[in-house]
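[1] please find the sequence and the predicted model below.
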Amino acid sequence: MPELPEVETVVRGLNEHLVGHTITSFDFDWPKTIKTPIEIFKKEIEGAKVLSAERRGKLIIINLSSNHSILIHLKMTGQLVYKSPKLQYGAGHPNDSLISKLPDKSTRIHFKLDDNSEFFFNDFRKFGWVEMVPTTDKHLHKFIASLGPEPLEITYLQFKEVLFKYPNAQIKAKLLDQHVLAGVGNIYADESLWAAKIHPQVKIKDIPEVKLETLFAELQAVLNLSIEKGGSSSVNYIKVDGKTGSYLSFANVYKKEGGPCPRCAVPLIRTVAAGRGTRLCPNCQKI
DNA sequence: CACTTGACCTGTCCGC
DNA sequence: TGCGGACAGGTCAAGT
């Protein structure tokens, strides 16, 4: 499930593999995926060169030479994959077998590039979307304009300030709220709350200062560790080159319910908080 | 204001 | 084997 580290990894892959290519044509199978009128999308993308890629929260921004930018949200099952005759791993390698099957039934948009390489937006659940906006106005786009600050680019005092706009809200709900912080999703919310020994449903105003400081440090630590490991590949996420990320082998609680807490050995539990599956240690994390 | 539910979708897994 | 239901979790809109 793409959260900040996964999207960051994808963006780095786009800068490595896609920048410099010209998009010659594209086709698509699910019109709702493209939120821009198709004639406008076509006009601004065909013949345009990819200049750079960047990330804001969980949103991917691809800047084109047409003075337009493609916004891409992967939602839960979106993938961006680059396929080139020049990029091969050897016969029988799992990355090759995955990429060689593209396009497949979950391919929503198939882009063709100038040197016979290809670029795929895959999304089996069809929640993801792409949109074309003028590059100079991209920050006015409704989604981008509503995002909170980047958790890796703020200080502890700023972190505390944005959370304390909602002193009576549950901490996990606000960690997940993209208008409060941009990029934190379910996995890293659970991991950082466990690391700081904070129950996901405790009210923000009831968290002792020292624990809130720990939460900020641990949130940055898990995000940075995951970026270093190329993200979490659980159900569907892969990198632009088809490889998987390895962060999940470092996870302490995500999908570990029933197993021992790495700190105190009491069995971890799964519950629901902020409307989402939530893993925690009932011994270390109390309200 | 805080919180829940439903909608958007499809694939997997579990129990009967 | 087949079938229904829970579950996966990002975001928004609507309802309590």
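    That came through, no problem.
[2] got any ranges where the stretch 1-150 of chain A has weak pLDDT?
    The model of the stretch 1-150 of chain A has pLDDT under 70 over residues A:1, A:87-97.
[3] what is the burial count for the nearest residue to A:W30 once chain neighbours are set aside?
    Nearest residue to A:W30, sequence neighbours excluded (CB to CB, 6 or more residues apart in numbering): A:R108, at 5.0 Å. For glycine as for every other residue, the C-beta is placed from the backbone atoms N, C-alpha and C. By other CB atoms under 10 Å, the residues close to A:R108 number 23.
[4] tell me the secondary structure at A:R108.
    A:R108 falls in the strand class when you classify it by DSSP: H, G, I helix; E, B strand; the rest coil.
[5] wait, it touches A:D123, no?
    Yes. Using CB atoms under 8 Å, A:R108 is in contact with A:D123, at 5.1 Å.
[6] which neighbours do those two have in common?
    A:T33 (CB atoms under 8 Å, 6 or more residues apart in numbering).
[7] for chain A, what spans make up the strands?
    In chain A, the strands defined using DSSP state E lie at A:23-28, A:50-56, A:59-64, A:68-73, A:78-83, A:107-113, A:118-123, A:129-134, A:269-273, A:276-280.
[8] close to DNA strand B: what parts of the stretch 51-200 of chain A are there?
    With CB under 7 Å from any atom of the strand as the criterion, the stretch 51-200 of chain A comes near DNA strand B at residues A:105-106, A:124-127, A:166-170, A:173.
[9] hmm, try it at 6 Å
    By the rule CB under 6 Å from any atom of the strand, the part of the stretch 51-200 of chain A lying against DNA strand B is A:105, A:124-127, A:166, A:168-170, A:173.
[10] on that earlier part again, make CSV from the strands of chain A and add distance to A:D190 to it.
    Shown next, in CSV, are the strands of chain A (distance: least, CB to CB, whole Å):
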stretch, distance to A:D190
strand A:23-28, 35
strand A:50-56, 22
strand A:59-64, 22
strand A:68-73, 22
strand A:78-83, 21
strand A:107-113, 29
strand A:118-123, 24
strand A:129-134, 26
strand A:269-273, 9
strand A:276-280, 5
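[11] return the most buried member of these.
    Among these, the stretch with the highest mean neighbour count (mean count of other CB atoms under 10 Å) is strand A:78-83, at a mean of 25.
[12] now that one against strand A:107-113, angle please.
    30 degrees (axes from the mean of the first three to the mean of the last three CA atoms, to 10 degrees).
[13] so A:P149 sits right up against A:V162, yeah?
    Yes. Assessed by CB under 8 Å, A:P149 is found in contact with A:V162 at 6.6 Å.
[14] what's the overlap in contacts for those two?
    Applying CB under 8 Å, 6+ apart, one finds that A:P149 and A:V162 are jointly contacted by A:L181.
[15] and the strands of chain A: which comes nearest A:V11?
    Ranking these by proximity to A:V11 (CB to CB) places strand A:50-56 first, at 4.5 Å.
[16] that closest one - contacts with which helices or strands?
    Secondary-structure packing of strand A:50-56 (3 or more CB pairs under 8 Å, 6 or more residues apart in numbering; DSSP states H and E): helix A:4-17, strand A:59-64.
[17] show me the contacts for the residue nearest to A:D27 when sequence neighbours are not counted.
    Using CB to CB, 6+ apart and skipping the chain neighbours, the partner closest in space to A:D27 is A:H110 (5.4 Å). Counting by CB under 8 Å, 6+ apart, A:H110 makes contact with A:26-28, A:103, A:118-121.
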